[in-house]
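Asks: sharing a sequence plus its predicted fold:
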Amino acid sequence: MTQHVLVVNAGSSSLKYSLIDAKSGAAAATGLVERIGEDESHHVHHGPDGDAENDEPVADHEAALEAAVQAFEDHGPALGAVEIVAVGHRVVHGGDRFAAPALVDDELIDAVTELVPLAPLHNPANLEGIKVARRLLPDLPHVAVFDTAFHQTLPPYAYTYAVPSSWQDEFGIRRYGFHGTSHSFVAGEAAKLLGRDLKDVNLIVLHLGNGCSAAAVRGGTSVDTSMGLTPLEGLVMGTRSGDLDPAIHGHLARVAGRTAEETDRALNSESGLKGLAGVNDFREIMKRRAAGDERAQLAFDVYCYRLKKYVGAYYAVLGTVDAIVFTAGVGQHSAEARAAALQGLEHLGIHIDPVRNAGPDERFASTGDSPVAVLVIPTNEEWEIARQAVEVIADR
Ligand code: ADP
């Protein structure tokens, strides 16, 4: 029996959706509406009969979801003909209120609204997606799945910043961590690949997409992660700096009159690979690096060196490590990044096999006798959201 879930991921100007069988992970259809509210929007629907595209303007999220429902009607599969059990919504910030996915009700909406100051770019868009989906699909249960929830198991010494302790009570300042849905999914897949119970394995998971984060996962439980109060902290990303000296904000204010907003924007949108080499796309970095571009080489080196530091740190946190798991765009596809990040760590029992590492569909990038396995696992956040949504409604 199939258990279809409509997974909705609403961004500030986009709406991504997929109709997924929570049992098998098979997507009956996926789609993306981009540039919502602009003169020319773009809607692509990948259905059973191929792709359908539309460039007509889409005014707002309500119109975007209406367009999605219509696309299901026109290009399949018609929503009425598929038994949908729930709508699963990705919500970026659940603060310390949500350590698990939850059924959407008015109280949840109020709680997520209260968390907007912690995620001013993401939570309002996620909320908008929830509200319009509840209006358009009122007969289905809606479930919110939080990016932060998986990391709510961090111990206090890992999530507490060494700042005046009143900041946590007054402003919620602490580490929350993100990409939890992905870390949770690939941790489960890693245990399967190792043929072990998730409870018995220690993993370092490296999610390397446009946003990048590392997690130390002990027995299926997140014990540390690199992103913090916001997704800015930690690894070098496409356009985000990751770790830096917090004095930079004050310094730029004093020497250049930069406002907090200006520096914030620069660190989130103009830094990382883009800040160092002019582009955030890792493939382009690799092309330029191969052509001898020194900025691209430095960007690659800074990116991989930061990764190596986190691998070392989380190795120390976990004590023993069964596998290092690479996932998302760069993690899944860049053998060079994997090799550079782990190069020289043989004394920690990490042995990359250059041939397996370069194999496009190879899941094991380590040698057969490497004490620590190096795994390459495609993430599937939509499937994880669908699975979690089904669990929540089963518990009702
Ligand atoms: P998002 O965080 O937007 O979901 P993805 O997981 O799709 O991002 O990852 C996007 C990143 O992955 C980009 O920097 C892209 O260049 C990189 N990437 C995708 N394919 C490859 C590849 N074959 N080799 C190297 N990098 C790749």
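Replies: Yep, it's here.
Asks: for the rest of this, base every contact and every neighbour count on C-alpha atoms.
Replies: Will do.
Asks: show me where the stretch 101-250 of the chain has helices.
Replies: For the stretch 101-250 of the chain, helices defined by DSSP state H, counting those that start in this stretch occupy the ranges 106-114, 123-136, 156-159, 166-171, 180-194, 247-256.
Asks: strands along the chain, start to end?
Replies: 4-10, 15-21, 27-34, 42-47, 50-54, 84-91, 102-103, 142-146, 202-208, 212-218, 221-225, 323-327, 373-376 (DSSP state E).
Asks: coming back round to it: the helices of the stretch 101-250 of the chain: which one's closest to the ligand?
Replies: Minimum separation from the ligand across those (CA to the nearest ligand atom) falls at helix 180-194, 10.3 Å.
Asks: other SSEs contacting the closest one?
Replies: Applying 3 or more CA pairs under 8 Å, 6 or more residues apart in numbering; DSSP states H and E, we find helix 180-194 packed against strand 142-146, strand 202-208, strand 323-327, helix 381-394.
Asks: is that helix positioned near the ligand?
Replies: No: between helix 180-194 and the ligand, judged by CA under 6 Å from any ligand atom, nothing touches; the nearest distance is 10.3 Å.
Asks: what parts of the protein come near the ligand?
Replies: Residues of the chain lying close to the ligand (CA under 6 Å from any ligand atom) are 209-211, 281-283, 328-330, 333-334.
Asks: any idea which residue of the stretch 251-396 of the chain lies closest to the ligand?
Replies: Gly329 (3.2 Å).
Asks: so what's the closest residue to that residue other than its chain neighbours up against?
Replies: Of all residues not flanking Gly329 in the chain, Gly209 sits nearest, at 4.8 Å (CA to CA, 6 or more residues apart in numbering). Gly209 sits next to 237-238, 327-331 when contact means CA atoms under 8 Å, 6 or more residues apart in numbering.
Asks: Gly329: neighbour count?
Replies: Using other CA atoms under 10 Å, Gly329 has 19 neighbouring residues.
Asks: against Arg240, how distant is it?
Replies: 16 Å (CA to CA, to the nearest Å).
Asks: got the contact list for the residue most central in space within the chain?
Replies: Nearest to the geometric centre of the chain sits His179, at 3.4 Å (CA atoms, centre = their mean). Residues counted as contacts of His179 (CA under 8 Å, 6+ apart) are 147-148, 207, 213.
Asks: one more time with 10 Å, if that's ok
Replies: 92, 146-151, 207, 211-215, 225, 227, 231, 381 (CA atoms under 10 Å, 6 or more residues apart in numbering).
Asks: my read: Glu381 touches His207, true?
Replies: No: assessed by CA atoms under 10 Å, Glu381 is found out of contact with His207, at 11.5 Å.
Asks: now the common contact residues for the two.
Replies: With CA under 10 Å, 6+ apart, Glu381 and His207 have common neighbours 179-180, 182-183, 186.
Asks: what about stretch 388-396, distance to the chain center?
Replies: Put simply, stretch 388-396 sits 22 Å off its chain's centre (CA atoms, centre = their mean, to the nearest Å).
Asks: which residues does that stretch contact?
Replies: 3-7, 22-23, 85-89, 100-103, 141-145, 181, 382-385.
Asks: swap in stretch 236-246?
Replies: 208-213, 226-228, 231-235, 264-276, 278-282, 299-300, 302-307.
Asks: only the buried subset of those residues, as a PyMOL command please.
Replies: In PyMOL, this line selects whichever of the contacts of stretch 236-246 come out buried by 16 or more other CA atoms under 10 Å:
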select buried, resi 208+209+210+211+212+213+226+227+228+231+232+233+234+235+266+267+268+269+270+271+272+273+274+275+276+278+279+280+281+282+299+300+302+303+304+305+306+307
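Asks: give me the buried positions along stretch 91-99.
Replies: Those would be 91-95, 98-99, for stretch 91-99 by 16+ other CA under 10 Å.
Asks: typo on my end, it should be stretch 185-204
Replies: 185-191, 198, 201-204.
Asks: cool, stretch 73-90 as well?
Replies: Neighbour-count burial for stretch 73-90 flags 75-77, 84-90 (criterion: 16+ other CA under 10 Å).
Asks: then stretch 35-53?
Replies: Burial within stretch 35-53, assessed by neighbour count using 16+ other CA under 10 Å, is assigned to 35-37, 41-47.
Asks: got it, and stretch 354-370?
Replies: Neighbour-count burial for stretch 354-370 flags 356-358, 363-367, 370 (criterion: 16+ other CA under 10 Å).
Asks: so can I have CSV of the residues you listed showing pLDDT?
Replies: Listed next are these as CSV, based on pLDDT from 0 to 100:
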residue, pLDDT
Arg356, 97
Asn357, 98
Ala358, 97
Arg363, 97
Phe364, 98
Ala365, 98
Ser366, 98
Thr367, 97
Ser370, 98
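Asks: Phe171 contacts Glu114, correct?
Replies: No: applying CA under 10 Å as the test, Phe171 and Glu114 come out as separate, 11.7 Å apart.
Asks: and those two? which has more neighbours close in?
Replies: Taking other CA under 10 Å, Phe171 and Glu114 do not tie; Glu114 has more neighbours (13 against 10).
Asks: gap between that one and Gly129?
Replies: Using CA to CA, Glu114 is found at 16 Å from Gly129.
Asks: hmm, back to that, with pLDDT and distance to Pro155 added, can I get the residues of the chain next to the ligand in JSON lines?
Replies: Formatted as JSON lines, the residues of the chain next to the ligand follow (pLDDT from 0 to 100; distance: CA to CA, whole Å):
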{"residue": "Gly209", "pLDDT": "97", "distance to Pro155": "26"}
{"residue": "Asn210", "pLDDT": "95", "distance to Pro155": "27"}
{"residue": "Gly211", "pLDDT": "97", "distance to Pro155": "24"}
{"residue": "Asp281", "pLDDT": "97", "distance to Pro155": "35"}
{"residue": "Phe282", "pLDDT": "98", "distance to Pro155": "34"}
{"residue": "Arg283", "pLDDT": "98", "distance to Pro155": "37"}
{"residue": "Ala328", "pLDDT": "98", "distance to Pro155": "26"}
{"residue": "Gly329", "pLDDT": "97", "distance to Pro155": "30"}
{"residue": "Val330", "pLDDT": "98", "distance to Pro155": "29"}
{"residue": "His333", "pLDDT": "97", "distance to Pro155": "33"}
{"residue": "Ser334", "pLDDT": "98", "distance to Pro155": "32"}
